[in-house]
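Engineer: test case, fold it:
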Amino acid sequence: MAGELEKYKKQKDFLVCVDSDGCAMDTMNSKHFHCFGPCMVAEWGLEKWRDEILARWNEINLFTMTRGINRFKGLAKALGEIQERYCEIEGLGALEKWVQTTPELSNEALERAIREEDGVCLRKAHAWSLAVNQSINELPEDEKRPFRGVRETLEKAHERADVAVVSSANRGAVLNEWERYGLLEYTDVVLAQDSGSKAFCIGGLVGKGYAPAHVLMCGDAVGDLKAAEKNGVFYYPILVRFEEESWSEFATDGLSHLLDGTYGDGYQQAVKQKFMANLEKR
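Structural biologist: Modelled structure (predicted):
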């Protein structure tokens, strides 16, 4: 399997990019219910308002238009609301500034920011992120499985297209989960949190020589759609609570439209409308 973006080389004429959590892997709810939100409550001592804060965390990250937001952006947004409603969050401004200005949203980038300009909220955000990763590693294996149909669909796609994982999740977790279920066999490159934003990664991949009309991003969140649109490539949605049906349709219809050049002939608009309507119902 190829290495990171700078080492990657185009092999086929088509490229299918696939998000991991909540798209290929049925892990998103579990990680947020048991890891992200609870670790935030523990790190900032928010037990007094635990239930309300966790419910709001899940709304932000799972069931509204901000579904799939980067962990640090989601944290800054949640802490901003907590400061408005419940208690002071010391040093929040430094975290908000970093989230808005950094070209890379990762633990490593946050470590560099802390070395340059130390701050209590930056340090706590880093500790929280590490605790989240540890908590995810401790989740039962049966809570970190791919959706039904993913492996078969990736195998089918890989016959005609290069396949890239484009995820904002922790790289180690992505590699472990995809390897465990044999998905890396049908994957050419894994680009995760440490590789840059999804838009950046897709742009870098397109720059390897693909025609934009031969590239598709498969995702479950608005951020995935925006990353695709920013690079002028197609988008295929995995619908929340209809994930298996979405993968089945991609195997039978979406992939065929991409390969025969008809994806933009009404099909793209139809699946995009279905995707937006599904999120707006939450």
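Engineer: surely residue 141 meets residue 180?
Structural biologist: Yes: counting by CB atoms under 8 Å, residue 180 is a contact partner of residue 141 at 7.5 Å. Any C-beta I mention is one placed from the backbone N, CA and C, and that applies to glycine too.
Engineer: what comes up buried for the helix or strand containing residue 151?
Structural biologist: In the assignment (DSSP states H and E), residue 151 maps to helix 150-158. Within helix 150-158, the residues scored as buried using 16 or more other CB atoms under 10 Å are 150, 151, 153, 154, 157, 158.
Engineer: other SSEs contacting the following helix or strand past that helix?
Structural biologist: Next helix or strand after helix 150-158 toward the C-terminus (DSSP H and E): strand 161-166. With contacts taken as 3 or more CB pairs under 8 Å, 6 or more residues apart in numbering; DSSP states H and E, strand 161-166 sits against strand 14-18, strand 189-191, helix 198-206.
Engineer: which sections of this protein are below the confidence cut-off?
Structural biologist: 1-3, 281-282 (pLDDT under 70).
Engineer: helices along that one, start to end?
Structural biologist: Using DSSP state H, the helices of the chain run over 28-31, 37-44, 50-61, 71-85, 92-101, 107-116, 120-137, 150-158, 171-180, 198-206, 222-230, 243-249, 255-260, 268-280.
Engineer: picking that back up, Throw the buried residues of helix 150-158 into TSV and include distance to residue 102, thanks.
Structural biologist: Formatted as TSV, these follow (distance: CB to CB, whole Å):
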residue	distance to residue 102
150	31
151	35
153	34
154	31
157	33
158	34
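Engineer: and those, which is closest to residue 199?
Structural biologist: residue 157 (21.6 Å; CB to CB).
Engineer: on that earlier part again, quick one: which of the helices of the chain is nearest residue 8?
Structural biologist: Short answer: helix 198-206, nearest of the helices of the chain by CB to CB, at 7.1 Å.
Engineer: kindly export the closest one (C-alpha atoms) in CSV.
Structural biologist: Extracted in CSV, the C-alpha atoms of helix 198-206 (Å, rounded to 0.1, in the frame of the first residue of the first chain):
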residue,chain,number,x,y,z
LYS,A,198,-10.0,16.6,3.6
ALA,A,199,-10.2,19.4,1.0
PHE,A,200,-6.4,19.6,1.0
CYS,A,201,-6.0,15.9,0.7
ILE,A,202,-8.5,15.6,-2.2
GLY,A,203,-6.8,18.5,-4.0
GLY,A,204,-3.4,16.8,-3.5
LEU,A,205,-4.7,13.6,-4.9
VAL,A,206,-6.3,15.3,-7.9
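Engineer: follow-up on the earlier one: mean neighbour count, the helices and strands packed on strand 161-166: which tops it?
Structural biologist: strand 14-18 (a mean of 27; mean count of other CB atoms under 10 Å).
Engineer: contacting residues around that one?
Structural biologist: Strand 14-18 has contacts (CB atoms under 8 Å, 6 or more residues apart in numbering) with 24, 154, 157, 160-166, 201-202, 205-206, 210, 214-219, 233, 255, 258-259.
Engineer: okay, residue 141 and residue 180: which has more neighbours?
Structural biologist: Counting neighbours by other CB atoms under 10 Å for residue 141 and for residue 180 shows that residue 180 has the greater number, 13 against 9.
Engineer: contacts only, for that one.
Structural biologist: Counting by CB under 8 Å, 6+ apart, residue 180 has contacts 141, 144.
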